[in-house]
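Q: Structure here, sequence nowhere to be found:
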């Protein structure tokens, strides 16, 4: 068993895929426009633009199969690569996931609820839709948004005047805000043979649009079964291959898709130590049509994101079952530069451990 | 926290050190005479002979600290490197560990028992010593032996005639054989601040001189406390920095050192999944004078070595809590090319899992 896996995008997700794949005997080549892409510290990095066909040719010659660490790789790049080597997930899936409108339309086509939405192409359309949604909505670019980038909260008619004119050069979508109780995510792995599995439900907390903590398993709710079923239905309808993640809002008695990610996901990082098989390993297994590994966990896990900076002396913190993941990225405000996973047998012990850690590190989460 | 760690030797131990160190944010450069050294698949490999001072200079410029994955790196290489960059373990320790005679003399100097031994420099000395040991002994080269290489069993006077003449060109040692009940190993980590820790005792089984399985924790024996104390005393006397492993023979009521390894060790590979902190991570922590991570484990672990070949379709075997480690080495008879770790809550469940796995794989261990 050996394979050379090419990854489009050389960020922390590519890096963690490689660290999961090396013990299985796989080799990796990363492709990224950025010469300092952090996966380059753990394997071969080709530096070129995603539209550089000569470079893509060379990349394809080096690898047996191609995947991605970044959903905004151009769909044309994936289509080009697909002519040479098997690609997972498929360009068709990527096209849907890159566009908030297509994503929501897809959800509706399979009977999976989303928040209310309207496509927006002009100021007048925005005014009309904002009123329809009672001035309680979020304006988003349809493409290229992540971690809250390209998003504008509309809480009053005057907010519309604050929207920069140039934004309307892009395709936009207005989404009605939901008073949700919590955000959860379902991590799904599916291989080309149709085997499908999910990890325990993840509960996510955000600050300024960026994920800060994930707790797994999420506290049980009556809606969980439906939530997981929605994610599975989406993966099955798409004939998805690899790991995909669907974020949901749960309200009192309803569940809505927030968005999907056609890749391994920040809310699944805890699975490296917290589950029998990590999302990274199962993504590779899925893409190579190997049986998927067990997604069970023994206790509870928490993932804490490190954004912009690490606390001092992180490696001097000696908490058993605390695991550091440093991505080798230059710290910058708002940039995800690492995460920690904490394991504990029970929810109470996990909570106490988080409180102690936060105190010891002198940070706010 | 970041450091570039140089490793002399680019085999599977270097590879697994890097895979343990990347999540902590460390970078790695490997130095090995062999261009196909398997660590080169997971990081930068410099290919040069250990005596190439120009290459060693360049290596030292790239790294912050140096360690080794191979105890037969020439001591002069380590002394040369030590003038430029901190090295762990020290050349003085390596000198002792490279020579079976010095190793045994060191044990005696700290009151740690070994089997009886005699240095051998000629056929006549061998005849004399073999008789003294009742023709129940093993003739070994003092240096460069591992995995049973350079060893000759002496069970009768006629066995002496089978020893090739040219062997006497090397320094030799004759060791009295011991009717031992079992072989165990103690993995010790010690940092430069003097913090010291051990993992649960490991019980090892060999076939033709090569380790085949390790079970942890070893079944309790009255001798275990003494065994662990001996290993700690050795590490403390040597002011050892890093992970070292001492193999012991336990008889009915006595314990004897078999040999020591000044490095991470095959009998500690289970710690990657089986313990809170792996031997690889603690080796790096120790060398960087960081606090050592917890060495506790929750249940039982088994390490199964794959020697010469893998069973077919290893990645299709879907046993929960079975972990494959493929080293990326060309299979050759007698060559260690990977290992698996199995975890289970109890000794009985672990035993059953091993039996099932062996059956499913169609192999003998």
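A: That came through fine. Nothing here was measured: the structure is a model prediction, and the numbers come from that model.
Q: which residues sit in contact with residue A:85?
A: By Cβ atoms under 8 Å, 6 or more residues apart in numbering or on different chains, the residues touching residue A:85 are A:6, A:60, A:63, A:64, A:65, A:66. Using the backbone N, CA and C atoms, a C-beta is placed for each residue, glycine as well.
Q: now do residue A:129
A: Contact analysis of residue A:129 by Cβ under 8 Å, 6+ apart lists A:118, A:120, A:137, A:174.
Q: Just the buried ones out of the contacts of residue A:85, please.
A: Buried members of the contacts of residue A:85, counted by 16 or more other Cβ atoms under 10 Å in any protein chain shown: A:6, A:60, A:63, A:65, A:66.
Q: my guess is the fourth one meets residue A:8, correct?
A: No - here residue A:65 does not reach residue A:8: they are 11.8 Å apart, not a contact under Cβ atoms under 8 Å.
Q: and the residue nearest to residue A:72 when sequence neighbours are not counted, what element?
A: Nearest non-adjacent residue to residue A:72, counting by Cβ to Cβ, 6 or more residues apart in numbering or on different chains: residue A:144, 5.6 Å away. Here residue A:144, judged by DSSP states H and E, is contained in no helix and no strand.
Q: Now do the contacts for the closest residue to chain B within the stretch 201-350 of chain A.
A: In the stretch 201-350 of chain A, the residue that lies nearest chain B is residue A:326 (3.1 Å; Cβ to the nearest Cβ). Contact analysis of residue A:326 by Cβ under 8 Å, 6+ apart lists A:310, A:314, A:337, A:338, B:1, B:2, B:23, B:24, B:25.
Q: Settle this for me: residue A:29 is touching residue A:44, isn't it.
A: Yes - Residue A:29 is within contact range of residue A:44, at 4.9 Å (criterion: Cβ under 8 Å).
Q: And the strands in the stretch 51-200 of chain A, which stretches?
A: Secondary structure of the stretch 51-200 of chain A by DSSP state E, counting those that start in this stretch: the strands cover A:65-68, A:117-120, A:137-141, A:151-154, A:172-176, A:182-190, A:196-198.
Q: Then the stretch 251-365 of chain A?
A: Using DSSP E, counting those that start in this stretch, strands in the stretch 251-365 of chain A cover A:255-261, A:300-307, A:322-326, A:336-344.
Q: Quick one: mean pLDDT over the last one.
A: Think strand A:336-344. Strand A:336-344 carries an average pLDDT of 96.
Q: what about residue A:243, how many neighbours?
A: 34 (other Cβ atoms under 10 Å in any protein chain shown).
Q: Checking it next. Helix, strand or coil?
A: Three-state assignment for residue A:243 (DSSP: H, G, I helix; E, B strand; the rest coil): strand.
Q: measure it to residue B:54 for me?
A: For residue A:243, the distance to residue B:54 equals 47 Å [Cβ to Cβ, to the nearest Å].
Q: Equivalent analysis for residue A:6, please.
A: Distance, residue A:6 to residue B:54, using Cβ to Cβ: 35 Å.
Q: now do residue A:354
A: 51 Å.
Q: Compare neighbour counts for these two and give me the winner.
A: When neighbours are counted by other Cβ under 10 Å, residue A:354 and residue B:54 differ, and residue A:354 comes out ahead with 18 against 8.
Q: List the single closest residue to that one in space, sequence neighbours excluded.
A: Using Cβ to Cβ, 6+ apart and skipping the chain neighbours, the partner closest in space to residue A:354 is residue A:302 (5.8 Å).
Q: ok, the one you found - contacts?
A: The neighbours of residue A:302, taking Cβ under 8 Å, 6+ apart as the test, are A:213, A:214, A:215, A:216, A:270, A:341, A:342, A:344, A:350, A:353, A:354.
Q: Show me what it bridges to in the sheet.
A: Counting by DSSP bridges, residue A:302 forms beta bridges with residue A:215, residue A:342.
Q: How confident was the prediction at it?
A: What the model reports for residue A:302 is a pLDDT of 97.
Q: Over to residue A:151?
A: Residue A:151 is assigned 86 on the pLDDT scale.
Q: So what's the residue count around it?
A: 14.
Q: what are the ranges of the helices in the stretch 51-200 of chain A?
A: A:53-62, A:75-82, A:91-97, A:100-109, A:123-132 (DSSP state H, counting those that start in this stretch).
Q: just the angle between the fourth one and strand A:172-176, please?
A: By that I understand helix A:100-109. With axes from the mean of the first three to the mean of the last three Cα atoms, to 10 degrees defining the directions, helix A:100-109 sits at 50 degrees from strand A:172-176.
Q: Now do helix A:100-109, average pLDDT.
A: The average pLDDT within helix A:100-109 is 96.
Q: repeat for stretch A:113-120
A: For stretch A:113-120, mean pLDDT rounds to 94.
Q: do the same with stretch A:202-220
A: Averaged over stretch A:202-220, pLDDT sits at 92.
Q: what's the first-to-last distance across that stretch?
A: 11 Å (Cα to Cα, to the nearest Å).
Q: okay, now the residue nearest to residue A:335 when sequence neighbours are not counted: neighbour count?
A: Once flanking residues are discounted, residue A:335 sits nearest to residue A:308: 6.0 Å by Cβ to Cβ, 6+ apart. Neighbour count for residue A:308, taken as other Cβ under 10 Å: 13.
Q: mind checking pLDDT for residue A:308?
A: Residue A:308 carries a pLDDT value of 92.
Q: Who are the contact partners of it?
A: Counting by Cβ under 8 Å, 6+ apart, residue A:308 touches A:331, A:332, A:333, A:334, A:335, A:337.
Q: Over to residue A:131?
A: The contact partners of residue A:131, by Cβ under 8 Å, 6+ apart, come to residue A:157.
Q: For chain B, tell me which of the contacts of residue A:85 show up nearby.
A: Among the contacts of residue A:85, no residue is within reach of chain B (Cβ under 8 Å from any Cβ of the partner chain).
Q: Present the residues you listed as CSV; the columns should include pLDDT and distance to residue B:102.
A: Formatted as CSV, these follow (pLDDT from 0 to 100; distance: Cβ to Cβ, whole Å):
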residue, pLDDT, distance to residue B:102
A:6, 98, 50
A:60, 98, 55
A:63, 98, 49
A:64, 98, 49
A:65, 98, 51
A:66, 98, 53
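Q: Got phi/psi on the closest residue to chain B within the stretch 101-250 of chain A?
A: Closest to chain B within the stretch 101-250 of chain A is residue A:195: 9.9 Å, counting by Cβ to the nearest Cβ. Main-chain dihedrals, residue A:195, degrees, to the nearest 10: phi -60, psi 140.
Q: which one is it nearest to, not counting chain neighbours?
A: Among residues not flanking residue A:195 along the chain, residue A:292 sits closest, at 5.4 Å (Cβ to Cβ, 6+ apart).
Q: and if you look at residue A:222?
A: Using Cβ to Cβ, 6+ apart and skipping residues adjacent in sequence, the residue nearest residue A:222 is residue A:253, 7.7 Å away.
Q: Surely that neighbour is in contact with residue A:223?
A: Yes - with contact defined as Cβ under 8 Å, residue A:253 counts as touching residue A:223 (7.3 Å).
Q: which one of those two has more residues nearby?
A: Between residue A:253 and residue A:223, counting by other Cβ under 10 Å, residue A:223 is the more crowded of the two (20 against 9).
Q: Leaving out the residues flanking it, which one is nearest to the residue nearest in space to the middle of chain A?
A: Nearest residue to the geometric centre of chain A (Cα atoms, centre = their mean): residue A:265, 3.2 Å. Nearest non-adjacent residue to residue A:265, counting by Cβ to Cβ, 6+ apart: residue A:245, 3.7 Å away.
Q: With residue A:171 instead?
A: Nearest in space to residue A:171, with sequence neighbours left out and distances taken as Cβ to Cβ, 6+ apart, is residue A:142 at 4.2 Å.
Q: The one you found: neighbour count?
A: Residue neighbour count, defined by other Cβ under 10 Å, stands at 19 for residue A:142.
Q: Assess the claim that it and residue A:104 are in contact.
A: No - using Cβ under 8 Å, residue A:142 is not in contact with residue A:104, being 9.8 Å away.
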